[in-house]
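Asker: Here is the input, now give the coordinates:
(chains A and B)
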Amino acid sequence: MMTEEKSCMLELRDVVFRYNPHGKRNILDHLSLSISDKRITVITGRSGCGKSTLAAVSAGLYPENGGILEGGGILLYGRPVADMNPQERAKYLTVMFQNPDLQFCMRTLRKEMEFCLENLCIPASEMDQMIQEAAENLGITELLDKPLSVLSGGEKQKANLACLFLIKSNCIFLDEPFANVDESSALDLIKQIEMMHDAGFSFVVIDHRLDYWLPVADEIIVLGSGGQVLRRDIDKKNLEAHHDFLHDMGLLFNVSKRKDLKRQIGTESAGKTLNFDENALTEDVDTRDCAVRFSKVTIRTENTKWNRKDTGEILLEEADAVFEKGKMTAILGPSGSGKTTALLSILKQHSFSGIVEVEGENLSHCRRKELYKKIGIVFQNPANQFISQNVQEEIELSIRQWNRNIAKEQCSKKAIELLAEFGLDSYRRYSPYMLSQGQQRRLAVLSVLAGGQRILLLDEPTYGQDHLSTVAIMDSVADKVEREELTVIFITHDRKLALEYADCIYKLENRKLIKMTDAHLYVRY
Amino acid sequence: MLEKWNPSVKMITVFLCVFILTVRNNTKLNIIVFISFVIGMLLFSDVKPGKIFAFLLPAFIAAFGLFIMGLFYSRNSDISIRTIFDISKEQLEALTTSGNMVTALQLATRLLAYAGMGILFSLTTDGEYFVRSLMHQLRLPPKFAYGILAAFYLLPMMRNELRTVQTAFRVRNMSGFSLRPKILFTMLVNSVRWSESVAMAMESKGFSGEAERTYHDIPKLRGMDLALAVVSVGVVAFIA
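Answerer: Sure thing, here's the model as predicted:
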């Protein structure tokens, strides 16, 4: 009995938690869950099932910072979390959150590490050595003195892990650690996590994508709404038995039928695509068929320094690219490599040198207002661009913005038609903020295309939502592409998403924009 | 070097000098303080002269404006002028020798002196060093001190987000003016969300406002810091 008590790291007993004191919906509804020590446990489930709340409640961050704990108790290694102060809790459990930009309060990693050690009352004389050792152990000494704001998403998460490594808390709770991280950084991070696991740390990971975690997870737990445990004790050995269940939940990323079709076409002409000459292909495309064209485009980061001579770091150098009309083109690349900036340049919101043509017209001769009749953009956080309190109104306002003279009935009729097209017509009386992330994004797409724009730019369409929501939006967009010859350029760090939906894929790496071939893309499988 | 001058002491020194200047109407004092602070900055700090000038330029413009105002439009003036351009030679002579001239010079030079002191403090003080010094020398609670630092490092992110929101609006054919209520509201909601997240991340790393903690760097209070303060305030008080 004693030993069993000891090996239980985290125990939640009949926890009832909600954010709104007067609300009826409990985010965690009578959740009971125990997690064993010294393992990598992955908790998964659809977006909005209360996974992130579970992390914050387990660490005692809720209800201290918001929400109310209606009932139940949380035990860390047998001790109630509510009785511990933050200092004590940090020794047992720390949380790493999904947004790498919102986790630091110091300028550099070294300062942040000092801050962590100060919190634990480590004597100042021991700090430098501890920091040096930790950094050497994790191979990140070169990150120590760089300002955190210049690190990429992956590097920031690495830096954060290093802080938690230094705190030496028994268990580390990771809340969607890869939400802002590209594939190779994610694999790097997993290596670091495995290393720390071998050194005695326990991990609880919240993620709605399992493919990264399958090789290393000791147990996978699937949560349903209200945080109910649907299934647990899943691991790589018994995965087959649970395959259909996981697939239906949208937790396994399987290549869909849409892509199978495309692949078939790909293999038929495999001979051609493999003997591929990059220049030949770019030259090949008729100007009339391209929606956006880059010729020798160079983009630099914004010059914010006092010094005039400092012209900013080069993000993209002499890039040539063609984005074909009526096709979906993906731009892949590590986070922070300048993908979003490239989109901003197409919108004349960031300076560049070279020539960008939109529908055959040189951007430098094109007025912004005319340009925005052709192009729309949806950013990572679609909630930032809503302007009204009601879904239908949101679309109507956009339609009116471009057609000042449209009759009221005609406008609302058109709005309802558009909403129906994306399956949002039943929500038209809702506030945009009440929609799920995936629905918000679909609404944003509709509202930026309401003026009849022919080109759509999508900035990280996977951000902050699970796979099923991503598929819903990408399918809607892909249908529009097929039906109405819409041109879509989307940027993502998710290679599989690009493979599944894009007709053509560019990769932005080391300041170059390279057109990917099948050979490039599959070489790593 | 002025950068190494303990920021809390530096701040108190500047406050005391400002106080002395406020209760005194002494044009000569104002000019001496202004010139000596600027020369001090040129000689004993790493701030580039061009930067000092760039910061002083608006102060000069404001001082000039204040001077014109005080000279031509002060209330006890018995000469009425519609605009400064249709002023006669005699009127000008009368004005420059009147009490108005003295008041105008006092106002303008005082503004310059304030600007000189403010610029000296802000250009030679590192934000983080200042906050740490406030925590140790002036007993600012760590909760506030680290909160200020965290907010400080969130600023670049907020700037980026503002740009994104503005772009999103412009692309929808709407004004991206940053003081538009809708944009302000969006930014406000974001800031609340962000500060909550950062606070939780800090707490998760063991930070609590009340508990005991150690410090890696403690800004020291040396004899030099105090001596410099006493000399500066003393000289200003003496001239006054």
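Asker: Doesn't residue A:74 lie inside a strand?
Answerer: Yes - the assignment for residue A:74, made by DSSP: H, G, I helix; E, B strand; the rest coil, places it in a strand.
Asker: Pull up the gap between it and chain B, please.
Answerer: For residue A:74, the distance to chain B equals 15 Å [Cβ to the nearest Cβ, to the nearest Å]. (Each C-beta comes from the backbone N, C-alpha and C, glycine too.)
Asker: per-residue pLDDT, that residue?
Answerer: With respect to pLDDT, residue A:74 has a value of 94.
Asker: That one - how many residues pack around it?
Answerer: Look at residue A:74: counted by other Cβ atoms under 10 Å in any protein chain shown, it has 22 neighbours.
Asker: Okay, domains of chain A per the record?
Answerer: Using automatic domain parsing, the domain parsing of chain A gives A:37-60+A:84-248, A:257-302+A:311-374+A:454-522.
Asker: How far off centre is the host helix or strand of residue A:172?
Answerer: In this structure, residue A:172 sits in strand A:171-175 according to DSSP states H and E. The chain centroid and the centroid of strand A:171-175 are separated by 18 Å, computed with Cα atoms, centre = their mean, to the nearest Å.
Asker: Tell me the buried residues in the very next helix or strand once past that strand?
Answerer: Sequence order places helix A:183-198 as the next helix or strand after strand A:171-175, per DSSP H and E. For helix A:183-198, a neighbour-count test (16 or more other Cβ atoms under 10 Å in any protein chain shown) marks A:183, A:185-186, A:188-190, A:192-193, A:196-197 as buried.
Asker: packing partners for helix A:183-198?
Answerer: helix A:153-167, strand A:202-206 (3 or more Cβ pairs under 8 Å, 6 or more residues apart in numbering or on different chains; DSSP states H and E).
Asker: Just tell me which of those ends up closest to chain B.
Answerer: helix A:153-167 (6.3 Å; Cβ to the nearest Cβ).
Asker: Compute the distance between the residue nearest the centre of chain A and residue A:201, please.
Answerer: Nearest residue to the geometric centre of chain A (Cα atoms, centre = their mean): residue A:463, 3.2 Å. Distance of residue A:463 to residue A:201, computed by Cβ to Cβ, to the nearest Å: 28 Å.
Asker: out of the domains of chain A, deepest packed?
Answerer: domain A:37-60+A:84-248 (a mean of 19; mean count of other Cβ atoms under 10 Å in any protein chain shown).
Asker: Report the buried residues of stretch B:62-72.
Answerer: So, applying 16+ other Cβ under 10 Å, buried residues of stretch B:62-72: B:63, B:66-67, B:70-72.
Asker: which ones are touching the residue nearest to residue A:74 when sequence neighbours are not counted?
Answerer: Excluding its sequence neighbours, the residue lying closest to residue A:74 (Cβ to Cβ, 6 or more residues apart in numbering or on different chains) is residue A:81, at 4.5 Å. Neighbour list for residue A:81: A:58-60, A:74-75, A:89 [criterion: Cβ atoms under 8 Å, 6 or more residues apart in numbering or on different chains].
Asker: May I have the lowest-mean-pLDDT helix or strand in chain B exported as PDB, CA atoms only?
Answerer: Lowest mean confidence among the helices and strands of chain B (mean pLDDT, DSSP states H and E): helix B:89-97, at a mean of 78. Extracted C-alpha coordinates of helix B:89-97, given in PDB (Å, rounded to 0.1, in the frame of the first residue of the first chain):
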ATOM      1  CA  LYS B  89      10.200  98.000 -33.600                       C
ATOM      2  CA  GLU B  90       9.200 100.200 -30.700                       C
ATOM      3  CA  GLN B  91       6.800  97.600 -29.400                       C
ATOM      4  CA  LEU B  92       9.500  95.000 -29.600                       C
ATOM      5  CA  GLU B  93      12.000  97.200 -27.700                       C
ATOM      6  CA  ALA B  94       9.400  98.000 -25.000                       C
ATOM      7  CA  LEU B  95       8.700  94.300 -24.600                       C
ATOM      8  CA  THR B  96      12.300  93.100 -24.400                       C
ATOM      9  CA  THR B  97      13.000  95.600 -21.600                       C
END
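Asker: still on that earlier bit, dump the helices and strands packed on helix A:183-198 to CSV, plus distance to chain B and mean pLDDT.
Answerer: Below are the helices and strands packed on helix A:183-198 laid out as CSV (distance: least, Cβ to the nearest Cβ, whole Å; pLDDT from 0 to 100):
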stretch, distance to chain B, mean pLDDT
helix A:153-167, 6, 91
strand A:202-206, 13, 95
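Asker: Nearest to residue B:228, out of the ones you listed?
Answerer: Closest to residue B:228 of those, according to Cβ to Cβ: helix A:153-167, at 37.9 Å.
Asker: Check which helices and strands that closest one sits against.
Answerer: The elements that helix A:153-167 packs onto, with contact taken as 3+ Cβ pairs under 8 Å, 6+ apart, are strand A:93-96, helix A:109-119, helix A:124-138, helix A:183-198.
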